[in-house]
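My questions concern the predicted model and sequence given below.
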Amino acid sequence: MWSYLFFTFIVVVYVHVVTSYYQRRIIPAIVVPLHVEVWHILNALQLSGIFYQLYAYEPIYVYPLSVRILELLCSVIFSDIYFYSTHRLLHVRFWFSYIHSWHHEVTEVYPWATLYAHPLENLLVNGGVAFIPAWYYQWNAFIAFLWLLFIFHNSLEAHTNRAGKHAQHHRFLSYNFGLQLFMDYLLGTTLL
């Protein structure tokens, strides 16, 4: 129990510190509504709880570095496909009005909007990108945690670049659904 509380505390402090750093350094002029900041932290708690339950008692297996690099590359490809597909599905009128509209309340992107989403969206879309590769490849807690950090920082970057593709997605809603790797280009939803 104490290890869970300690782990959750570390994750929440990390999320808060990193997000605050991005906010101050990149876009200090935007005032973040308190409910956005609180919801961001609550969703970080949700993901940290799932992460802890999956990896609390996981033994560490040693694989060659080349295997891990190949797994990470495949995970990046999977993540773009998965995120694009689920994110595009959330833009269907029914799902958008009940779930995804929370995230799009934020029209001007900023770091605190990264995890400001409906809990179901956070679990299925963000959690899927974070946990499916870790589960499929049966990564140990260390590799899975590095992957989680990579995914989180990628999302922070997307919500920090005010002239970037994700900012255009928040403005126009019909473009730039993916992680900006290849899915938007393949399916013609890129807005340059």
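That came through fine. These figures come from a predicted structure and were not determined experimentally.

Please name the nearest non-neighbouring residue to Y137.
Spatial nearest neighbour of Y137, chain neighbours left out: E71 (4.7 Å); criterion: C-beta to C-beta, 6 or more residues apart in numbering. (C-beta placed from N, C-alpha, C; glycine too.)

so who does the one you found touch?
By C-beta atoms under 8 Å, 6 or more residues apart in numbering, E71 lies in contact with 133, 137, 139.

Around the closest residue to the last one other than its chain neighbours, how many other residues sit close by?
What that stands for is W139. In this structure, W139 finds its nearest non-sequential neighbour in W147, 6.9 Å apart by C-beta to C-beta, 6+ apart. By the criterion of other C-beta atoms under 10 Å, W147 has 22 neighbours.

which ones are touching W147?
So W147 contacts 72, 75, 130, 133-134, 139 (C-beta under 8 Å, 6+ apart).

any idea which helix or strand carries the residue nearest to Y137?
helix 65-89 (DSSP states H and E).

and the next element down the chain from that helix?
helix 93-95.

State the distance from W139 to H153.
18 Å (C-beta to C-beta, to the nearest Å).

between these two, who's got more neighbours?
W139 (24 against 13).

For that one, give me its contacts.
Counting by C-beta under 8 Å, 6+ apart, the residues that W139 touches are 71, 133, 147.
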